[in-house]
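*Asks:* just need the structure, nothing else, for what follows:
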Amino acid sequence: MAIWKRDHDPEGLQARLAGSLPGHFGIRILEVGADFLRAEMPVDDRHVQPYGILHGGASVVLAETLGSIASTLTLPEGRRAVGLEVNANHVAAVPKGETVTAVCRPLHLGRTTQVWQTEIRRSDGRLACVSRLTTAVVEWRG
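*Replies:* Okay, here's the model as predicted:
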């Protein structure tokens, strides 16, 4: 069963990223499934730390972007999701030149809070990072 309550066309979602941090990072929304979002991000000079591997903060940008989008898509018009807490465990290095793929799924879809988990994988499929985002559901006051 699909959990989305708003338009969730990947191209439309992608267009909204232009000009913002996720757009500058090259995050691409690839797929909106019944209960997940899938995206990819290159690992280039914008994303690496001095040792030439993916910076943990770049992984968090990817995870928070997907969780925030997903959370908002589950809400009716007039409601918004705002981040409360994000954490990430980095379990494998990703060298510059690769592309990571991320899949974000809900762990909790409550009336006032939501929890989203994003798994970020290297090109070889190995888990590089797992992140959890908690959002607050609020009334949007324009």
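
*Asks:* least trustworthy helix or strand in this protein by mean pLDDT?
*Replies:* Across the helices and strands of the chain, the lowest-confidence element by mean pLDDT, DSSP states H and E is helix 10-17, at a mean of 93.

*Asks:* residues of that helix that come out buried?
*Replies:* Buried residues in helix 10-17, counted by 16 or more other CB atoms under 10 Å: Leu13, Gln14, Leu17. Glycine gets a C-beta too; all of them are placed from N, C-alpha and C.

*Asks:* helices and strands around it, which ones?
*Replies:* With contacts taken as 3 or more CB pairs under 8 Å, 6 or more residues apart in numbering; DSSP states H and E, helix 10-17 sits against strand 28-32.

*Asks:* quick one: the next helix or strand after the strand it packs on to strand 28-32, angle?
*Replies:* Downstream of strand 28-32, the next assigned helix or strand under DSSP states H and E is strand 37-42. Strand 37-42 and strand 28-32 are oriented at 160 degrees to each other (axes from the mean of the first three to the mean of the last three CA atoms, to 10 degrees).

*Asks:* stretch 121-131: how far from the chain's middle?
*Replies:* Its chain's average C-alpha position is 14 Å from that of stretch 121-131, according to CA atoms, centre = their mean, to the nearest Å.

*Asks:* alpha carbons of it, in CSV - could you do that?
*Replies:* Extracted in CSV, the C-alpha atoms of stretch 121-131 (Å, rounded to 0.1, in the frame of the first residue of the first chain):
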residue,chain,number,x,y,z
ARG,A,121,25.4,1.8,-0.3
ARG,A,122,28.6,1.8,-2.2
SER,A,123,28.8,0.8,-5.9
ASP,A,124,29.6,-2.8,-4.8
GLY,A,125,26.5,-3.0,-2.7
ARG,A,126,28.3,-2.8,0.6
LEU,A,127,26.6,-0.7,3.3
ALA,A,128,28.5,2.6,3.8
CYS,A,129,26.2,4.4,6.1
VAL,A,130,22.9,4.0,7.9
SER,A,131,21.1,7.1,9.1
